[in-house]
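Enquirer: prediction below, plus the sequence it came from.
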Amino acid sequence: MASLFKSLSEDMEKIAQVVEEGTKIIFGKSSLYDDPSGENVDSNDLHDGDEDGFYDVADEMDSPLMGMADSVISDIMSSQNVGPQTTMENIQAFFSAITWGEPFIRCLLAFHMVVIVTAYILIRKDIYLRMGFMIFLGIIVRLAEQLNQLGNSRWRDFATQNYFDKNGIFMGIVICAPLLVICFVMLVSLIQEAKNLLVDVKKMKIQAKENAKKKTAEKRKKKD
């Protein structure tokens with residue numbers, strides 16, 4: 001057991017030395033070209049002995065503790081809470097990323113307001129006007145992919161940041177979703193109106209039958 005702990009401590013010291021030397025190399029403070037006595041070593045002299053040094057480092061990297069260290073580091077990195085975690089946090093992050101005061105977003109909100117007001121006005125108008133308006137909104141939704149590509153290539157002309165990612169998240173949530181909701185509401189109103197018409201027609205048929213029966217009964221009474 002003592003020998004095991006001794007070997008582990010030696011391996012840990014080797015790992016620490018390798019990490020320290022790697023840090024010095026990354027930040028340009030490597031001592032590979034420096035002699036321990038403080039004198040600079042010629043690169044040709046260092047090249048003569050780099051083969052032995054390479055095998056020493058390779059032996060250190062083959063240590064089983066290096067795999068353990070990599071596993072621990074990956075676990076630590078994966079356990080870090082970076083970015084939103086819950087659904088509400090994702091929603092808040094999405095809306096926080098939008099610059100609501102820029103002209104493009106304001107024009108987009110104004111467009112939605114115009115669509116809502118128009119839908120409200122047409123909801124009791126002629127059915128053909130409503131159907132035409134719904135088709136217009138459907139065409140916009142159908143062309144969302146092409147509009148997203150166009151916005152991705154021309155966003156600098158009208159926005160402060162690129163809202164048009166390749167997945168079309170902004171296009172789907174901010175533009176298409178409200179239009180689909182409006183179309184759905186108008187469709188529900190059409191179905192409700194059609195149901196009411198069917199009920200009215202059924203009532204009229206029943207009333208017509210009752211009137212016909214009354215007239216028939218009155219005629220029989222007159223004959224009698």
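Expert: That came in fine, so what should we check first? Residues are numbered from 1 along each chain as shown.

Enquirer: so where do the helices sit in the protein?
Expert: 2-26, 43-61, 64-79, 87-96, 103-122, 127-142, 144-154, 169-170, 177-223 (DSSP state H).

Enquirer: which one of the ones you listed has the poorest average confidence?
Expert: Mean pLDDT is lowest for helix 43-61 among these, at a mean of 47.

Enquirer: need phi/psi at residue 125.
Expert: phi -90, psi -160 (degrees, to the nearest 10).

Enquirer: please read the previous query as pertaining to residue 166.
Expert: phi -70, psi -20.

Enquirer: buried sites along stretch 100-110?
Expert: Neighbour-count burial for stretch 100-110 flags 104, 105, 108 (criterion: 16 or more other C-beta atoms under 10 Å). The way it works is simple: take the backbone N, C-alpha and C, and place the C-beta from them, glycine included.

Enquirer: the first one: what's it in contact with?
Expert: Right, the one you point to is residue 104. 158, 159, 160 (C-beta atoms under 8 Å, 6 or more residues apart in numbering).

Enquirer: now render these as TSV, adding pLDDT.
Expert: Listed next are these as TSV, based on pLDDT from 0 to 100:
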residue	pLDDT
158	91
159	91
160	90
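
Enquirer: if any of these are buried, give me the PyMOL selection for them.
Expert: Buried residues within the contacts of residue 104, by 16+ other C-beta under 10 Å, are selected in PyMOL with:
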select buried, resi 159
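
Enquirer: hang on, the earlier thing: nearest to residue 190, of the buried residues of stretch 100-110?
Expert: The closest of the buried residues of stretch 100-110 to residue 190 turns out to be residue 108 (C-beta to C-beta; 26.8 Å).

Enquirer: that closest one and residue 173 touch, don't they?
Expert: No - here residue 108 lies out of contact with residue 173, judged by C-beta atoms under 8 Å, at a distance of 11.7 Å.

Enquirer: I'd like the distance between residue 119 and residue 133.
Expert: Distance, residue 119 to residue 133, by C-beta to C-beta, to the nearest Å: 7 Å.

Enquirer: hang on, I meant residue 194
Expert: Residue 194 is 17 Å from residue 133, by C-beta to C-beta.

Enquirer: settle it for me: which of those two has more neighbours?
Expert: Higher neighbour count among residue 194 and residue 133: residue 133, with 20 against 11, using other C-beta atoms under 10 Å.

Enquirer: neighbouring contacts of stretch 158-168?
Expert: With C-beta under 8 Å, 6+ apart, stretch 158-168 has contacts from 98-99, 102-104, 144-145, 148-149, 151-152, 155, 170-171, 174.
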